[in-house]
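Visitor: Compute the structure for the input listed below.
(chains A and B)
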Amino acid sequence: EDQVTQSPEALRLQEGESSSLNCSYTVSGLRGLFWYRQDPGKGPEFLFTLYSAGEEKEKERLKATLTKKESFLHITAPKPEDSATYLCAVQAISDSWGKFQFGAGTQVVVTP
Amino acid sequence: GAVVSQHPSWVICKSGTSVKIECRSLDFQATTMFWYRQFPKQSLMLMATSNEGSKATYEQGVEKDKFLINHASLTLSTLTVTSAHPEDSSFYICSARDRLTGAFEQYFGPGTRLTVT
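Guide: Predicted coordinates:
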């Protein structure tokens, strides 16, 4: 069975204090791993798609990387507006519709 | 681009009534739309997958007769919660895949907060 585990559950950072979030996964044939950001009371906002081990994607202060077993979301010099819950999801090659299996998320709070 | 809307954004209804939630892709045609529910402090749980013109595929444990899904066009899917009860109170979110690009990213709507009294 596909599984996605995110750690830590919660992270409190000072503004400017860089850190990394982890997403470990087991899936029988990975089509893609997806990172989203979700603000309270809103739908998830798409950040990145990673397809193969060694791939990296960047957007502003965020950088996502992928290995065969896990993905990391690095937050460099975070600002208070980076506070959100970060979700990762995996998609198996076997699923023709492209269903996601989500992790539980990491809640990030950045204080000034 | 890739904007998904939901209507209404919140709804309060009485126990036993039915509620319809609309999900629209505004600037793209959706191959497939997905419906999720999310409880407080929890992640998204997939309820069903819908494709235009065909019956929805429900996840294990989701009651088909309670959560009716209709995917009438390439830009509109609806979720009807029939005979709602307080335990159906939740945050419902839809997502859609872009038919033209064929990409596997899902673009999410803003969600609908349902409260059943």
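Visitor: quick one: contacts for the residue of chain B most remote from its centre?
Guide: Most distant residue from the mean C-alpha position of chain B: residue B:101, 21.8 Å away (Cα atoms, centre = their mean). Not one residue lies near residue B:101 by Cβ atoms under 8 Å, 6 or more residues apart in numbering or on different chains. For glycine as for every other residue, the C-beta is placed from the backbone atoms N, C-alpha and C.
Visitor: pLDDT score assigned to it?
Guide: Among the per-residue scores, residue B:101 shows a pLDDT of 77.
Visitor: cool, and the one 10 residues further on?
Guide: Per-residue confidence (pLDDT) for residue B:111: 98.
Visitor: give me every residue that touches it.
Guide: Residue B:111 touches A:41, A:42, A:43, B:6, B:9, B:38, B:91, B:92, B:93, counting by Cβ under 8 Å, 6+ apart.
Visitor: Repeat the analysis, applying 6 Å as the threshold.
Guide: A:43, B:91, B:93 (Cβ atoms under 6 Å, 6 or more residues apart in numbering or on different chains).
Visitor: from what I can see the first one touches residue B:113, true?
Guide: No. Residue A:43 is not in contact with residue B:113 according to Cβ atoms under 6 Å; the separation is 11.5 Å.
Visitor: before we move on, the earlier item: which one (most neighbours) among the contacts of residue B:111?
Guide: Among those, residue B:93 has the most neighbours (other Cβ atoms under 10 Å in any protein chain shown), with 26 neighbours.
Visitor: Need the per-residue pLDDT for that residue.
Guide: On the pLDDT scale, residue B:93 gets 98.
Visitor: and what of residue B:4?
Guide: Reading off the model, residue B:4 has pLDDT 96.
Visitor: count of neighbours near it?
Guide: 24.
Visitor: Also the one 4 residues further on?
Guide: The local packing count at residue B:8 equals 13, with neighbours defined by other Cβ under 10 Å.
Visitor: May I have the phi/psi pair for it?
Guide: phi -80, psi 170 (degrees, to the nearest 10).
Visitor: Identify the residue spatially nearest to it, adjacent ones excluded.
Guide: Spatially, and ignoring its direct neighbours in sequence, residue B:8 is nearest to residue B:112 (6.2 Å; Cβ to Cβ, 6 or more residues apart in numbering or on different chains).
Visitor: Please enumerate the strands of chain A.
Guide: In chain A, the strands defined using DSSP state E lie at A:3-7, A:10-14, A:19-26, A:30-38, A:45-50, A:56-59, A:62-66, A:70-75, A:84-92, A:101-102, A:106-111.
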